[in-house]
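Asker: predicted model follows, preceded by the sequence.
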Amino acid sequence: MAATAPDAKLERSSRTLFPAGPTQRRGEVLLLLGPCVLYLVAFSVYPLAVSLIRSFQEYDSRADSWTWIWFGNYQELFTSPEFWQTVEHTAVFTFGGVAIQVVLGTALALFFNQRLRGSAIVRAILILPMLLTPIVVGLMWRMLLNPEWGMLNWLAGQVGFHNVGWLSDPGTALRMLIVVDCWQWTPFVFIIVYARLQTLPQDVFEAAEVDGATWRQRTRYITLPLLAPAIVFAAVFRGIDAFRTFDLVYGLTNGGPVQATSTLSFEAFQNGFQYFRYGYASAIAYVMVLTAAIGITLLFKVVRVRREEFA
Amino acid sequence: MTRILGRVVSYVVLALIAVIGIAPFLYLLVISFKNRLDVLEVPPSLDFHWADISANYHTVIHDQKFPTFILNSIVVTGASTTIALLLGVPAAYAFSRLRFRGRDTWSSTILSFRFMPPVAVAIPIYLLVRQLGFLNSYLGLILPYVAFTLPLVVWIMIGFFDEIPREIDDAALVDGCTRASVLFRVMLPLVRPGIMVAATFGVIFIWNEFLVGLYIINSQERETIPIAASALLTVESPIDWNLAAVVGVLTTIPILIFSAFAQRYIVRGMTAGAVR
C-alpha cells in the first residue's frame, strides 16, 4: 500500500504530458476486460441464471416443457429425508476429509522440513495423485479394495480383517471415499504449508533452540502459530472443493451402495441427467451455490487478511 | 546413537510415504500386465507374460480407439487453454493496474466462479451448446471449458502482475506506448512464468474434466480421454479389470510426462494464492 503515493504522483505527471481523459481510461478497461467479462456472462452467468429460474420450474420430459411451480422443488427438497441424508454425507465427507488432510498435510510439512536425502523425489511423487483423472483414481481404488482379490483387502486380511466389502458395505463406503480423497488431496495441504514453512525466518527457531526450547515446544509455540494462515487457507480452499466433489463419487462408488455415499453434487447429477428432473436438480444445485458462496466469502476474507499481512 | 536411530526412523517413514503415494500406480500397472484369470491371484505374482501384456494393450489401443481419444484431448485442451489465456491475461492485467469503479467486486465475482459447483451449470450449458448446434463437436467442449478455466487464469495472473513494479508500466506509458502495447511488448515477457503456471493449471483441469463433456459428446469420434474412460470404467459397467487397468495406465502416462515438465509450475500455482 505504501506504493500508492509516488504512483499517484506519476500518474498525475503522465496525465499532464498526455491528457488522458476518463473516456480513454474507460476505453482501456473495456478493451482489456470486456472480452473476458462478456465470455463469462455468456458461459457462466447466463447458465447460472438459467439454473436459478429452472429451480422454480418443473420439467416434463415427455412434452419437453417447463411449468412454474415456484418453491415446489425447494419444498420437496427440504421435506425429503433422502436430501437430508445427502446433506449429512456431504458434511461428513467435507469436514471429516479436510480435517484429516489438514492434520496429515501439516505433519508432512514438518516432517519434510528435516530435508532428508531423497525427499525431493518423494515430494514429486506426492504431486502425482492430484493430477490424476478422478475416474482413474476411482478405478485404482476399486481394484485395491476389491473384496475378492484387491491388494489392500489382502493386506487387511493379514492383520485379521477378512473379506471386508469396503465399498459394498454402506457402513464403510463413505469412510473409504474419505480415505481416497485424503490419498489424493493431503499433498495439496502439504505443499501449501510446506511452502510457507520455507519462507519463515530461521533465526527465530535458532534463538528458541539456544534458549533451550525443545522441538515440541518450538513446534507448538512458534512454528504452528506462524503456519496458521497457510493452514487456514489450505483448509478453506480444500473445503470448498471437497464440498462440490462429483468425479470421485462417480468413479469410486457411483453414490452407492444404496445411496450411502450420495453427495449433493451426485444427487443433483442423478436427478438431472439420469431422471431428467431438471427443475429439482437445479434446486439442489442452487442450495450448493448458496453454500459455496458462504465458503467463498470466507476464503476471500482469509486471502485479503493475508495480503495486508505481507504487503 | 539415538540420533542415528532417529535418522533411520525418519528414512523408514519417508520410504513409507513414497510407497503410499506410488503403490496404487504400480498396482494399476501390474494388473494391466495380467490376463483375465491371473488378476484374481492375491498377492499378485510378478511373473509377467509378454503375450498377456501385448494382448491387453493391443485390445485397448486398436479396438477401443485410444489414440483418437488422446488426439481429441490434446486438441480440446490446447485450444481451450490458449483461448482462456488470450481472454484472461489482459483481464488480470486490468485488475492489477487500472483503477476503475467496482474493480474489487468484479475481480472477486470472477474469481468466485472458480469455486462454483459444476453441476449447477452443467444442465444449462448442455442446453446452451445444444441450442448453438455444437453437440458432438470440439467447439461444444471448448466453449464451456474456456469459461471454467478463465477464473483460474485471472486468479493466477493477477498475482504475477502484482509482483511487477508499476514503475515499469509508467515508464513505458510516458514513452508513448498504449496500454495494449505495454501489456504485449513489455509485460508479457516479464510474466512468462505466470503464463506457464496458468497454462499448467488450465491443462490439468481441462484434461481431467468429464461431467460437462459426458453429455455434450456422444460419439466415440469426439470423446476425450476422461469421457471415454468414464464409459469404460464406471461402477455400473461390467469390467474386464485387466483392460480397465490398461485404460488407466494409458490415461496416466500423458499426465506423468506432463508433470515431469510442469512440476515447478504446479507447486508455484498452488502456493500462488497462499504464500506471497
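Answerer: Alright, I've got the coordinates.
Asker: residue ranges of the helices in the stretch 1-150 of chain B, please?
Answerer: For the stretch 1-150 of chain B, the helices defined by DSSP state H, counting those that start in this stretch occupy B:2-32, B:50-58, B:66-97, B:103-112, B:119-132, B:138-162.
Asker: next: the stretch 101-250 of chain A.
Answerer: Residue ranges of the helices in the stretch 101-250 of chain A, as given by DSSP H, counting those that start in this stretch, are A:119-131, A:134-144, A:151-158, A:170-199, A:202-210, A:215-218, A:224-243, A:247-252.
Asker: for residue 31, give me its contacts.
Answerer: Here I'm looking at chain A. Counting by Cβ atoms under 8 Å, 6 or more residues apart in numbering or on different chains, residue A:31 makes contact with B:90, B:179, B:180. From N, CA and C alone the C-beta is placed, and that goes for glycine too.
Asker: hmm, no, I was thinking of chain B.
Answerer: For residue B:31, the contact set (Cβ under 8 Å, 6+ apart) comprises A:143, B:39, B:44, B:241, B:242, B:245.
Asker: need these in a markdown table (columns: distance to residue B:86 and pLDDT).
Answerer: Below are those laid out as a markdown table (distance: Cβ to Cβ, whole Å; pLDDT from 0 to 100):
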| residue | distance to residue B:86 | pLDDT |
| --- | --- | --- |
| A:143 | 41 | 89 |
| B:39 | 47 | 82 |
| B:44 | 48 | 82 |
| B:241 | 43 | 87 |
| B:242 | 43 | 87 |
| B:245 | 39 | 90 |
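Asker: neighbour-wise, which of the residues you listed leads?
Answerer: Per-residue neighbour counts (other Cβ atoms under 10 Å in any protein chain shown) across the contacts of residue B:31 peak at residue B:245, which has 27 neighbours.
Asker: that one and chain A, how far apart?
Answerer: For residue B:245, the distance to chain A (Cβ to the nearest Cβ, to the nearest Å) stands at 7 Å.
Asker: where's that residue, which helix or strand?
Answerer: Taking DSSP states H and E as the definition, residue B:245 sits inside helix B:241-272.
Asker: what comes up buried for that helix?
Answerer: For helix B:241-272, burial by neighbour count (16 or more other Cβ atoms under 10 Å in any protein chain shown) applies to B:241-252, B:254-255, B:258-259, B:262-263, B:265-272.
Asker: again, but for stretch A:54-73
Answerer: For stretch A:54-73, a neighbour-count test (16+ other Cβ under 10 Å) marks A:54, A:55, A:56, A:57, A:58, A:59, A:72, A:73 as buried.
Asker: residue contacts, the last one?
Answerer: If a contact means Cβ under 8 Å, 6+ apart, then residue A:73 has A:55, A:56, A:57, A:58, A:279, A:280, A:282, A:283 as its contacts.
Asker: and the next helix or strand past the helix or strand encompassing it?
Answerer: Taking DSSP H and E as the definition, one finds residue A:73 inside helix A:72-78. Note on helix A:72-78: by DSSP H and E, the next helix or strand toward the C-terminus is helix A:81-91.
Asker: and that next one, does that touch chain B?
Answerer: No - Helix A:81-91 lies out of reach of chain B by Cβ under 8 Å from any Cβ of the partner chain, never closer than 10.7 Å.
Asker: and the closest residue to residue B:244 other than its chain neighbours, how many neighbours?
Answerer: Leaving aside its chain neighbours, residue B:244 sits nearest to residue B:233 (5.3 Å; criterion: Cβ to Cβ, 6 or more residues apart in numbering or on different chains). Using other Cβ under 10 Å, residue B:233 has 24 neighbouring residues.
Asker: confidence score at residue B:233?
Answerer: Residue B:233 is assigned 74 on the pLDDT scale.
Asker: hmm, back to that, adding distance to residue B:24, write the helices of the stretch 101-250 of chain A out as a markdown table.
Answerer: What follows is the helices of the stretch 101-250 of chain A, written out as a markdown table (distance: least, Cβ to Cβ, whole Å):
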| stretch | distance to residue B:24 |
| --- | --- |
| helix A:119-131 | 8 |
| helix A:134-144 | 4 |
| helix A:151-158 | 9 |
| helix A:170-199 | 7 |
| helix A:202-210 | 36 |
| helix A:215-218 | 33 |
| helix A:224-243 | 20 |
| helix A:247-252 | 12 |
